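Colleague: The following block contains a protein sequence and its predicted model.
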Amino acid sequence: MDIFKEYMHRLTGAFNTEYGQNLQKVVRFFAWSLSDVRDEFNGIATYRSIDKASGKLLDAIGEKLNEKRGQADDRFYRIMLKSKIAARRGDATFNGILTTIKNAFDVDVKGMKIIKHEDEPLAISIIDIPLDVAKTDWERNYLMRRIKNTVAIGIRVHEVRLIDSTKTTVLVISGTNNAIIYDAT
């Protein structure tokens with residue numbers, strides 16, 4: 001519904017019958033100006049959208065979020081920016097960590113698990129994360145660091161296990177505090 005019709009619809013019947021055409025002319029004048037303003041705001045929203053930005057505009061958004069591009073291409077840089085935003089908004093509960101991973105990396109969290117370690121009460125492992133978003137070692141390292149930063153202070157992430165099941169063999173990549181381990185099974 002355009003602005004003119006919406007405004008005329010909201011007026012009471014007394015205004016429409018008493019002032020008629022003159023009121024419509026005034027409302028049409030303001031509606032024309034307001035539609036330009038609305039279009040401008042829609043353009044700004046499109047301009048600021050992480051999904052539609054690319055190149056230098058994406059770098060400017062990253063600068064506002066204090067996230068450097070590094071060697072990431074536009075596709076992965078969008079993931080980096082979304083993960084930074086999701087990590088800021090998320091909570092540190094188990095469900096909150098899964099929700100943050102889901103929102104940040106746009107992956108399905110159904111098969112993912114967060115396991116508490118019995119030996120160490122403040123350590124967890126996050127396993128079975130789909131590896132579709134991270135294709136290079138640098139991207140995988142970034143993904144693991146970002147996931148480790150989503151947990152609460154004092155909780156240690158013992159292991160982050162990424163699984164690539166798109167091929168006929170399953171590639172399991174485990175990241176601990178010291179190393180990344182590749183296991184093709």
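Modeller: Arrived safely.
Colleague: can I see the domain layout of the protein?
Modeller: Domain segmentation of the chain under automatic domain parsing yields 3-48, 56-184.
Colleague: most tightly surrounded among these?
Modeller: Ranked by mean neighbour count, these are led by domain 56-184 with a mean of 15 (mean count of other C-beta atoms under 10 Å). Every residue, glycine included, has its C-beta placed from N, CA and C.
Colleague: Mean pLDDT for the domains of the chain - can I get that in a markdown table?
Modeller: As requested, the domains of the chain are exported to a markdown table (pLDDT from 0 to 100):
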| stretch | mean pLDDT |
| --- | --- |
| domain 3-48 | 80 |
| domain 56-184 | 79 |
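Colleague: Need the residues that contact whichever strand or helix holds I101.
Modeller: Using DSSP states H and E, I101 falls within helix 94-105. Outside helix 94-105, the residues that touch it by C-beta atoms under 8 Å, 6 or more residues apart in numbering are 79, 82-87, 89-90, 107-109, 112, 114, 126, 129, 133, 143, 146-147, 150-151.
Colleague: So what's the gap between that helix and the chain middle?
Modeller: 10 Å (C-alpha atoms, centre = their mean, to the nearest Å).
Colleague: Just give me the residue right at the centre of the protein.
Modeller: Central residue of the chain (C-alpha atoms, centre = their mean): K82, 3.4 Å from the mean position.
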